[in-house]
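Visitor: Make a model of this:
(4 chains)
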Number of protein chains: 2
Amino acid sequence: MTIVQLEYIMAVDEKRSFTKAAEICHVTQPTLSMQIQKLEDELGIVIFDRYKSPLEPTKVGKIIISKARKIIREFNGIKEYLTNEKGKLSGQFRIGIIPTLAPYLVPLFLPDFVKQHPDSKLIIEELQTETIIDYLQKDRIDLGIAVTPLEEKELKEIPIFNEPIYGYVSTDHPLFKKERLSESELENAKLWLLNQGHCFRNQALKICNQNQLDTQNMEFIYESGSIETLKNMVNISSGITLIPALAAFSNINDFNMVKKFEAPEPLREVSFIVNKGYLKDNLIKELRKSIIEKIPEEYTIKYKNGRVIHWR
Amino acid sequence: MTIVQLEYIMAVDEKRSFTKAAEICHVTQPTLSMQIQKLEDELGIVIFDRYKSPLEPTKVGKIIISKARKIIREFNGIKEYLTNEKGKLSGQFRIGIIPTLAPYLVPLFLPDFVKQHPDSKLIIEELQTETIIDYLQKDRIDLGIAVTPLEEKELKEIPIFNEPIYGYVSTDHPLFKKERLSESELENAKLWLLNQGHCFRNQALKICNQNQLDTQNMEFIYESGSIETLKNMVNISSGITLIPALAAFSNINDFNMVKKFEAPEPLREVSFIVNKGYLKDNLIKELRKSIIEKIPEEYTIKYKNGRVIHWR
DNA sequence: TATTGTCATAGTTTTTTCTTATGATAATGT
DNA sequence: ACATTATCATAAGAAAAAACTATGACAATA
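Guide: All right, here's what the predicted structure looks like:
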């Protein structure tokens, strides 16, 4: 006994004809005939009285059909439930975003998103990557936004855009006069960096081919917790640092201090992170749409000359 | 999505192990793994979290499993319902029996049967074969007992026993001195016969190779409605007739008038007649048991030298 | 009486399911 | 710490099931 067989008898019951039933089931008439016969054999009853014209279900047949109808309804109910579950964009969504992204990204998409989806409520937390991973696994957040790849097999990464990484150079710094920075020039540079735990710290070090900071030759050390602090440090110290693109133009007064790298430009891949098998595809789709709408188009298209920084 | 897949996830949920679940499903572990994967793909969700140990269903998984459990329960419910329906031997059973059998057969099995099945109530009617067929099709009776084959394709025949046919010869009749009758001797005999409509009339004619009665040469015509009348007619008229075995010994005083035929002995096949797909297998089984218990054993075993009379 | 419409049967092809063999990874015991 | 075992995934081939095309029997209809 299979679900398909039950569907067949329902079709025959509806159409009162094997031929027509086969049509609506998108199979040939012999296929349907044989399956119904098999079912009848297995159950040891006759479901349809072929001698009547138009054919009709037997007494038992009617009972079986009504039972079948119920089963099919519930069977399809599973898929319906899931599409519903995935589709609905209401309720709470707990989102964790890394600190080097959140202050610049959230203000971009959040206002419009809440306007478009009044039934949904986003709860956004600034979390470092490790915490995002932990919280996802513990179901304390639904979605993370972080830099990938993470290589966590329990999680699924859905790339959103590639964020270029720029230099931020004090007007007093020797590199300030250059149009474009090259990565090699930074290899032994004294960089202002975020403190441990921020993934952007590792990304930056990677770009400069430095595995760890050469603290020996530096005049003083100040590891900041935010990119804004970093920029301020550069400003007052004639220094240099690296900043992600979205952070670069948060203050319209320092356009000139932002220096692009020569191609291939270093990039970081920003992705949604979800548990594998996460239901709310729709949340992801909508959120993605909102974000992509607001960020520069060139971030989303595949960078021809970009170099994605794998940092883990 | 198939029922089997749902059964698999239920087994995994119960055992919390693919391997053990495969065992109780009587398949190998890869089979089960693949089917569950297929289901997960189709539904677009992950049902089991394989990273946990022991593995456990995801949040959605739990919901799907509970839905699956319900479906499986109802699915099996169909078969349960049917075995129940077929198995139960209670309620009314309407039975039609041909008149040449009923007076001799019913008293044989009925008393014991009702004793053994106090919850069932048999409603027995004497009906001629054509009426039995008609009533079965109109669902006015559940079961017929008649002589087969009928060659009615809507009906199913279940042979019970082969009833020999004997001659019943008046002591004054020339054939009375014979030990055994031969069919050829009867070819032009003047037989007492049942009137039209009784199948036994045709059976008797067939035995004598007579297609219709040669009324010309007969002294008088009296077509009887019952075998008892027939026997009486023979007694008072020095005549001869044919009677089925069960009727032969209903009166212990005329043993000597009953003459067997030479082998191959003419027989008539007595069968249950039911609608194809009739549910109550159990009724049939029990009834059959009751009947076979009471009739001579040699009727039930295949007659080596018997000649079954097809009469229709 | 020929025609059409309906379902059954036969023989093949295609698809699906299952199996065996093997591999990767995590848990467990020495 | 290292070998062992347990557990699930993957791959490739075998077996089973379901589908198709072609055809046949039969009844209803023109």
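
Visitor: contacting residues for the closest residue to DNA strand C within the stretch 201-312 of chain A?
Guide: Going by Cβ to the nearest atom of the strand, DNA strand C is nearest to A:K276 of the stretch 201-312 of chain A, at 14.2 Å. (Each C-beta comes from the backbone N, C-alpha and C, glycine too.) Contacts of A:K276 were listed using Cβ atoms under 8 Å, 6 or more residues apart in numbering or on different chains, and they are A:E154, A:L155, A:K156, B:V46.

Visitor: Can you say which of the residues you listed are buried?
Guide: For the contacts of A:K276, a neighbour count by 16 or more other Cβ atoms under 10 Å in any protein chain shown gives the buried set as A:L155, A:K156, B:V46.

Visitor: Just give me the closest of those to DNA strand C.
Guide: Taking the buried ones among the contacts of A:K276 together and measuring to DNA strand C by Cβ to the nearest atom of the strand, the closest member is A:L155, at 13.3 Å.

Visitor: Against B:L279, how distant is A:T58?
Guide: Separation of A:T58 from B:L279 (Cβ to Cβ, to the nearest Å): 9 Å.

Visitor: residues shared between the contacts of the two?
Guide: In contact with both A:T58 and B:L279: A:I45, using Cβ under 8 Å, 6+ apart.

Visitor: Surely A:V27 forms part of a helix?
Guide: No. The assignment for A:V27, made by DSSP: H, G, I helix; E, B strand; the rest coil, is coil rather than a helix.

Visitor: Tell me how many other residues crowd it.
Guide: 17 (other Cβ atoms under 10 Å in any protein chain shown).

Visitor: Pick out the residue of the stretch 51-200 of chain A closest to DNA strand C.
Guide: Counting by Cβ to the nearest atom of the strand, the stretch 51-200 of chain A gets nearest to DNA strand C through A:L55 (4.5 Å).

Visitor: pretty sure that residue contacts A:T19?
Guide: No. Contact criterion Cβ atoms under 8 Å: A:L55 and A:T19 do not qualify, at 10.5 Å.

Visitor: Neighbour count for the two, which is higher?
Guide: A:L55 (15 against 12).

Visitor: quick one: contacts for the more buried one?
Guide: Contacts of A:L55 by Cβ under 8 Å, 6+ apart are A:V12, A:R16, A:S17, A:F18, A:F48, A:D49.

Visitor: pLDDT at the first one, what is it?
Guide: Same thing as A:V12. Listed pLDDT for A:V12 reads 93.

Visitor: Check the contact between it and A:F48; I expect there is one.
Guide: Yes. Using Cβ under 8 Å, A:V12 is in contact with A:F48, at 6.1 Å.

Visitor: Now do the shared contacts for those two.
Guide: By Cβ under 8 Å, 6+ apart, the residues touching both A:V12 and A:F48 are A:I36, A:L55.

Visitor: which of the two has more neighbours?
Guide: A:V12 (27 against 21).

Visitor: which bits of chain A sit near DNA strand D?
Guide: Neighbours of DNA strand D within chain A, by Cβ under 7 Å from any atom of the strand: A:T2, A:V4, A:H26, A:V27, A:T28, A:P30, A:T31, A:M34, A:Q35, A:K38, A:S53.

Visitor: which of those residues count as buried?
Guide: The buried subset of those (16+ other Cβ under 10 Å) comprises A:V27, A:Q35.

Visitor: As a check, name the ranges of all strands in the stretch 201-312 of chain A.
Guide: Assigned by DSSP state E, counting those that start in this stretch, the stretch 201-312 of chain A shows strands spanning A:240-244, A:258-259, A:266-275, A:307-308.

Visitor: Where does A:I141 sit: helix, strand or coil?
Guide: Quick answer, by three-state DSSP: A:I141 is coil.

Visitor: Next, the contact list for A:F176, please.
Guide: With Cβ under 8 Å, 6+ apart, A:F176 has these contacts: A:V169, A:S170, A:M257, A:K259.

Visitor: how does it look with 7 Å?
Guide: Contact analysis of A:F176 by Cβ atoms under 7 Å, 6 or more residues apart in numbering or on different chains lists A:V169, A:S170.

Visitor: again, but for A:A248
Guide: A:Y166, A:V258.

Visitor: If I look at it, what pLDDT would I see?
Guide: Taking A:A248 on its own, its pLDDT is 82.

Visitor: for A:I301, same thing?
Guide: So, for A:I301, pLDDT stands at 55.

Visitor: And for the one 5 residues further on?
Guide: Confidence per residue is given as pLDDT, and for A:G306 that number is 55.

Visitor: Repeat that for the one 3 residues further on.
Guide: Note for A:I309: predicted pLDDT of 54.

Visitor: Please apply the same query to the one 3 residues further on.
Guide: At A:R312 the predicted local confidence, pLDDT, stands at 48.

Visitor: which element follows the helix or strand hosting A:I133 toward the C-terminus?
Guide: Element membership of A:I133, judged by DSSP states H and E, is helix A:129-137. The helix or strand immediately downstream of helix A:129-137 is strand A:143-148, counting by DSSP H and E.

Visitor: report the longest strand in chain A, please.
Guide: Counting residues, the longest strand found in chain A (DSSP state E) is strand A:155-169.

Visitor: Looking at the contacts of A:L55, which are in strands?
Guide: A:F48, A:D49.

Visitor: restrict the contacts of A:L55 to contacts with DNA strand C.
Guide: A:R16, A:S17, A:F18.

Visitor: By neighbours, which of those wins?
Guide: Within these, neighbour counts (other Cβ under 10 Å) peak at A:F18, which reaches 19 neighbours.

Visitor: Would you check that it makes contact with A:P30?
Guide: No. Contact criterion Cβ atoms under 7 Å: A:F18 and A:P30 do not qualify, at 9.2 Å.

Visitor: Next, count neighbours for the closest residue to chain B within the stretch 151-300 of chain A.
Guide: For the stretch 151-300 of chain A and chain B, the shortest gap (Cβ to the nearest Cβ) falls at A:G277, measuring 2.6 Å. When neighbours are defined as other Cβ under 10 Å, A:G277 has 19 of them.

Visitor: Show me where the stretch 51-200 of chain A has its helices.
Guide: A:59-87, A:102-116, A:129-137, A:199-207 (DSSP state H, counting those that start in this stretch).

Visitor: Need phi/psi at A:Q37.
Guide: Main-chain dihedrals, A:Q37, degrees, to the nearest 10: phi -60, psi -40.

Visitor: Return the distance of it relative to chain B.
Guide: 12 Å (Cβ to the nearest Cβ, to the nearest Å).

Visitor: can you state the direction angle for the one helix or strand A:I9 maps to and helix B:3-15?
Guide: Per DSSP H and E, A:I9 falls inside helix A:3-15. Relative orientation of helix A:3-15 versus helix B:3-15 (axes from the mean of the first three to the mean of the last three Cα atoms, to 10 degrees): 130 degrees.

Visitor: And the contacts of helix A:3-15?
Guide: Contacts of helix A:3-15 (Cβ under 7 Å, 6+ apart): A:18, A:21, A:24-25, A:32, A:35-36, A:38-39, A:47-48, A:57, A:65, A:68-69, A:71-72, A:75, B:2-3.

Visitor: Residue numbers of chain A in contact with DNA strand C?
Guide: A:16-20, A:29-30, A:33-34, A:36-37, A:50, A:54-55.

Visitor: Reformat these as a markdown table; add pLDDT.
Guide: What follows is the residues of chain A next to DNA strand C, written out as a markdown table (pLDDT from 0 to 100):
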| residue | pLDDT |
| --- | --- |
| A:R16 | 92 |
| A:S17 | 91 |
| A:F18 | 94 |
| A:T19 | 93 |
| A:K20 | 92 |
| A:Q29 | 94 |
| A:P30 | 95 |
| A:S33 | 93 |
| A:M34 | 94 |
| A:I36 | 95 |
| A:Q37 | 92 |
| A:R50 | 82 |
| A:P54 | 81 |
| A:L55 | 87 |
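
Visitor: All set now, cheers.
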